[in-house]
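>>> make a model of this:
(one chain, ligands or ions: 1)
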Amino acid sequence: MNRIGIVAGGVQPAAGVRRIWLKRAGIAAGAIVLALVALALGMVAWMSYVPADLDLSTTRLSAQGAYRVSYEPRRGPIAVNQIHAWTLHVETADGRPVEGATIAVDGDMPQHGHGLPTEPQVTAELGGGDYLVEGVKFHMPGWWVMDFTIDAGGQTDTVRFDLLLN
Ligand SMILES: [Cu+2]
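The predicted structure is shown next:
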């Protein structure tokens, strides 16, 4: 009798400890799941965030004010996933066409940490300050930026366009 009593007494606390441990593990797992859900929601919100004051104009003054630059897609509105070309027009701040410029092209999605799927380039100078930009493609809807670094007559300046694609 005595022996059974000792055994029973020994089993009781162990089961109690296990129950408490399981309860704590359950609480921890729940907290982890909640944290992951919050993180996922935060990431979705961050990745689809677009500044309310985004300037979508297709004519912009370059960062240091050297050039007034405008662009036009050559075949109508820009569609996601379609490779297309732009005409980029470059003039001085006071409206004189800039010819013979060297222009580098870059672009990315500010919220996604990725750039363009292609490497668009200026492939021809069309005259009158117009340049042909070929190989432009946006592979996702959302907020994109396009950056042009323009070097003409020893004056280098950059211009950024914001685009919002559906
Ligand atoms: Cu993206």
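
>>> distance from whichever strand or helix holds residue 14 to the middle of the chain?
Using DSSP states H and E, the element containing residue 14 is helix 2-47. Mean-position distance between helix 2-47 and its chain equals 39 Å (C-alpha atoms, centre = their mean, to the nearest Å).

>>> average model confidence for the helix or strand just after it?
Sequence order places strand 59-61 as the next helix or strand after helix 2-47, per DSSP H and E. Regarding strand 59-61, the rounded mean pLDDT is 98.

>>> so how far is residue 164 from the most centrally placed residue in the chain?
Central residue of the chain (C-alpha atoms, centre = their mean): residue 109, 2.4 Å from the mean position. Remark: distance between residue 109 and residue 164 (C-beta to C-beta, to the nearest Å) = 11 Å. Any C-beta I mention is one placed from the backbone N, CA and C, and that applies to glycine too.

>>> which neighbours do those two have in common?
Contact criterion C-beta atoms under 8 Å, 6 or more residues apart in numbering; residues shared by residue 109 and residue 164: 142, 143, 144.

>>> adding distance to the ion and secondary structure, write those out as TSV.
Shown next, in TSV, are those (distance: C-beta to the ion, whole Å; DSSP: H, G, I helix; E, B strand; the rest coil):
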residue	distance to the ion	secondary structure
142	6	strand
143	9	strand
144	8	strand
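
>>> so residue 56 sits against residue 160, correct?
No - assessed by C-beta atoms under 8 Å, residue 56 is found out of contact with residue 160, at 11.8 Å.

>>> between those two, who's got more neighbours?
residue 160 (15 against 9; other C-beta atoms under 10 Å).

>>> and that one, what are its bridge partners?
residue 147 (DSSP bridges).

>>> which ones are touching it?
With C-beta under 8 Å, 6+ apart, residue 160 has these contacts: 60, 63, 145, 146, 147, 148.

>>> quick check: which element contains the second one?
Pointing back at residue 63 there. Counting by DSSP H and E, residue 63 is found in no helix or strand.

>>> check the spacing between the closest residue to it other than its chain neighbours and residue 96 real quick.
Of all residues not flanking residue 63 in the chain, residue 158 sits nearest, at 5.0 Å (C-beta to C-beta, 6 or more residues apart in numbering). Per C-beta to C-beta, residue 158 is found 19 Å from residue 96.
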